[in-house]
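Peer 1: Sequence and predicted structure, then a few things I'm wondering about:
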There are 2 protein chains.
Amino acid sequence: MAPESEEVSVPIVKMQAFGERLFLALGVPEAHARVTIETLIEADLRGVESHGVAHLADFYVRRMLRERINRTPRIQIVSDAPAAAVIDGDMGLGFVVAHRAIDLAMEKAQATGVGLVSVKNSTHYGAGFHYALKAARRDMIGISITTGGNIVVPPGAKRPVYGANVISVAAPTGKDFQYVLDGSTSVVAGGKLEIAARRGASIPEGWALDESGAPTTDPTVLSRGGGLLPLGGSPQMGAYKGFGLGIFADVMSGVLSGSGASLALPPTGAASHLLAAIRIDAFEPTREFVRHMDVMIDGLKAAERQHGVDEILIPGELEARLERQRRAEGDIPVHPAVIESLRTAAEKLNVPFDIR
Amino acid sequence: MAPESEEVSVPIVKMQAFGERLFLALGVPEAHARVTIETLIEADLRGVESHGVAHLADFYVRRMLRERINRTPRIQIVSDAPAAAVIDGDMGLGFVVAHRAIDLAMEKAQATGVGLVSVKNSTHYGAGFHYALKAARRDMIGISITTGGNIVVPPGAKRPVYGANVISVAAPTGKDFQYVLDGSTSVVAGGKLEIAARRGASIPEGWALDESGAPTTDPTVLSRGGGLLPLGGSPQMGAYKGFGLGIFADVMSGVLSGSGASLALPPTGAASHLLAAIRIDAFEPTREFVRHMDVMIDGLKAAERQHGVDEILIPGELEARLERQRRAEGDIPVHPAVIESLRTAAEKLNVPFDIR
């Protein structure tokens, strides 16, 4: 397994400018290019390297070249109620569609206390936490749910038939981090296998089944028809909960938006989402909420630790620490294979390559 | 391990009348007694024996005798917005408080599309699915979240410090069952250990830690300061997701309602909840929603099965099948130890015992 230190540092401002140029060369509007690259970089800043610029060339640029992502979408509200809406993303970049949807959810929450926006005809929106965190920074609880590729195997089945659907939640605290849950409803996200493959590592037993339905430790198994197990892994260890949460995500995004569950989406990269905002002071004063969050966090962190454990980490804590450090340094770490994918994309699109 | 067939059949109507008499003898209003016993019996009808009449005497009656449950609560809306509210349950029976809260959530959803009601100063409300299912039967997506006892160990810790918080979701389908997710955010619910203990069985490794923080297979471990592991079990298998979901439940119920997270609740049986209703036709016509649900269900059930697996089960399917069968028979199965606990309660409260 190659060491992580193989990764190289790329200045944030250079990556932002380079990424925007790639999209501009593809005919993407400037505001769309900016928010998409900012969002990808936020993933790398917070250590979510499976959903950052590693996907820029080989996923988003490639899909746009294959006309699977609409460069100039007409994003529309197709159903509207005081606390609810459906947005049609017109197959635009998922980042752009999801930012629009969480903004609408926050507007509705401002008026009624809660806003739920279900989204159809969108595409991959990166990591889910960005949109939840956007609401948490405005004194709301943010929820972001999305369908993933159909790479998860239901309990008792052999092959993957439904999505690696992701549930993300964020809430403000009085600490130097927000509570941020961001997890697929499978044991791990597909991106974790990509990382292992890039490093030449195997994966632990219990993450995935091969194409015949047998346990495997091969990180490349998804490309050959294998699949991930639902969170819980086996029925005895709670796989029906992971499966049920995966269906929940499908219900809130694909089914509620009218495009259908992950299982029924065409295999061309369409995605459905749910973006929700809950305005805290519609329930209680925000300072009270924050005080209760901090009491909870302090109590959890004070728990007696297992031998060798330095610290009980709250979901979102480590990521915020990394983000502060990397913003201070002004760099994100990028794997050499990702650098090469960006160089190739720059050559193809005739864009200056200057991030190294 | 004692066989399940040791359980005896008790007629539903006899159990309903007997249970109501127990509560009436305690001074509980008739409507409160009725809805509480109906809800407990619904759990037994659907095979959720960990949350049915097994708890009636040893949990609810006992807590009421110890004045930990208010027999005549004044349930109040203490904060109100078009799509949001906080209810103070005045330490009444959780069943009564939660039915009131989901009814209010459905009213709000009728008006705005969505209703979120966070509840403080309530008590144990049984299984979470009842309230979610109530909304699903009225063409809404129902969500029910509750804090549990502080019996879960965060990743890296030795001892339990936060709640076995439960997330329940239900949605309508065109089938003879609703989609119903109902699961604690721990590997298993505490009730699963009670069942194993009642049968003299051990529990699988990976469910719980003993009071020293070591793995255990002893089902009585919770009574000695041991704790359950979060869904996922180990960090490698996704325990941070289970932990993050447990915090999510705390945020939506205890923190948002203003009473604080499970960790901060006094150990006297107070509970916080969230009840939410999402009106489907605020998003799309209900018939379209149901059609997409059925396509998803058909696709999942058609998945190629592992050797020895007869059927891919959708969450809620088996429970609905059991309920139809048991309603047709007119009986619920009850363990002899539970029968004895009910006999003892009847004697103590001077109520005729006629369920056997």
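Peer 2: Structure received.

Peer 1: Can you give me the buried ones in stretch A:137-147?
Peer 2: A:M140, A:I141, A:G142, A:I143, A:S144, A:I145, A:T146, A:T147 (16 or more other C-beta atoms under 10 Å in any protein chain shown). Heads up, the C-betas are built off the backbone N, CA and C, glycines and all.

Peer 1: hmm, which two among these are most spread apart?
Peer 2: A:M140 and A:T147 (23.3 Å; C-beta to C-beta).

Peer 1: Pass me the low-pLDDT residue ranges in the stretch 101-250 of chain A, would you?
Peer 2: Within the stretch 101-250 of chain A, the set of residues satisfying pLDDT under 70 is empty.

Peer 1: Tell me which residue in it sits closest to chain B.
Peer 2: A:G113 (3.0 Å; C-beta to the nearest C-beta).

Peer 1: Now do that residue: how many residues are near it, please.
Peer 2: 29 (other C-beta atoms under 10 Å in any protein chain shown).

Peer 1: do the same with A:E107
Peer 2: A:E107: 14 surrounding residues under other C-beta under 10 Å.

Peer 1: Relative to A:R138, how far out is it?
Peer 2: 11 Å (C-beta to C-beta, to the nearest Å).

Peer 1: cool, and A:G190?
Peer 2: If you measure A:G190 against A:R138 using C-beta to C-beta, the figure is 31 Å.

Peer 1: cool, A:V290 as well?
Peer 2: Relative to A:R138, and taking C-beta to C-beta, A:V290 is found at 13 Å.

Peer 1: Tell me what angle the host helix or strand of A:E107 forms with helix B:94-112.
Peer 2: Applying DSSP states H and E as the criterion places A:E107 in helix A:94-112. Angle of helix A:94-112 versus helix B:94-112, following axes from the mean of the first three to the mean of the last three C-alpha atoms, to 10 degrees, is 100 degrees.

Peer 1: Tell me which other helices or strands helix A:94-112 touches.
Peer 2: helix A:30-45, strand A:84-88, strand A:114-123, helix A:129-136, strand A:140-146, strand A:270-279 (3 or more C-beta pairs under 8 Å, 6 or more residues apart in numbering or on different chains; DSSP states H and E).

Peer 1: out of the ones you listed, nearest to A:S341?
Peer 2: So among the helices and strands packed on helix A:94-112, helix A:30-45 is nearest, using C-beta to C-beta, at 13.2 Å.

Peer 1: name the helices or strands packed onto the closest one?
Peer 2: helix A:12-25, helix A:94-112, helix A:129-136, helix A:317-329, strand A:331-334.

Peer 1: Please work out which residues outside it touch it.
Peer 2: A:12, A:15-16, A:19-20, A:22-24, A:28, A:49, A:51-53, A:55-56, A:60, A:92-93, A:95-96, A:99, A:126-127, A:130, A:322-323, A:326-327, A:332-334 (C-beta atoms under 8 Å, 6 or more residues apart in numbering or on different chains).

Peer 1: Against A:I167, how distant is the residue positioned nearest the centre of chain A?
Peer 2: Residue closest to the mean C-alpha point of chain A, counted by C-alpha atoms, centre = their mean, is A:A127 at 1.5 Å. For A:A127, the distance to A:I167 equals 12 Å [C-beta to C-beta].

Peer 1: Same question for A:V119.
Peer 2: According to C-beta to C-beta, A:V119 and A:I167 sit 15 Å apart.

Peer 1: for A:G258, same thing?
Peer 2: Taking C-beta to C-beta as the measure, A:G258 and A:I167 are separated by 20 Å.

Peer 1: Of the two, which one has the most company?
Peer 2: For A:G258 versus A:I167, neighbours defined as other C-beta under 10 Å are more numerous around A:I167 (26 against 21).

Peer 1: doesn't A:I247 make contact with that one?
Peer 2: No: assessed by C-beta atoms under 8 Å, A:I167 is found out of contact with A:I247, at 11.7 Å.

Peer 1: give me phi/psi at the residue nearest to A:V48 when sequence neighbours are not counted?
Peer 2: Nearest residue to A:V48, sequence neighbours excluded (C-beta to C-beta, 6 or more residues apart in numbering or on different chains): A:A127, at 5.0 Å. The phi and psi values for A:A127, taken as degrees, to the nearest 10, are phi -80, psi 150.

Peer 1: Might you report the residue contacts of A:A127?
Peer 2: A:A127 makes contact with A:A43, A:V48, A:S50, A:H51, A:G52, A:S168, A:D182, according to C-beta under 8 Å, 6+ apart.

Peer 1: which of those residues sit farthest apart?
Peer 2: Every pair of those checked by C-beta to C-beta; the farthest is A:G52 and A:S168, at 15.3 Å.

Peer 1: rewinding a little: take the helices and strands packed on helix A:94-112 and write them to CSV, including distance to B:L229.
Peer 2: Shown next, in CSV, are the helices and strands packed on helix A:94-112 (distance: least, C-beta to C-beta, whole Å):
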stretch, distance to B:L229
helix A:30-45, 29
strand A:84-88, 37
strand A:114-123, 32
helix A:129-136, 24
strand A:140-146, 25
strand A:270-279, 29
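
Peer 1: Indicate which one of those is closest to B:D103.
Peer 2: Between the helices and strands packed on helix A:94-112, strand A:114-123 lies closest to B:D103; by C-beta to C-beta that is 17.2 Å.

Peer 1: angle of that closest one against strand B:270-279?
Peer 2: Per the same axes, to 10 degrees, the angle that strand A:114-123 makes with strand B:270-279 is 60 degrees.

Peer 1: what helices or strands is strand A:114-123 leaning on?
Peer 2: Packing partners of strand A:114-123 (3+ C-beta pairs under 8 Å, 6+ apart): strand A:84-88, helix A:94-112, helix A:256-257, strand A:270-279, strand B:114-123.

Peer 1: quick one on the thing from earlier: shouldn't the residue of the stretch 101-250 of chain A closest to chain B be in contact with A:A277?
Peer 2: No: in this structure A:G113 lies outside contact range of A:A277 using C-beta under 8 Å: 9.6 Å.

Peer 1: Understood, closing this out.
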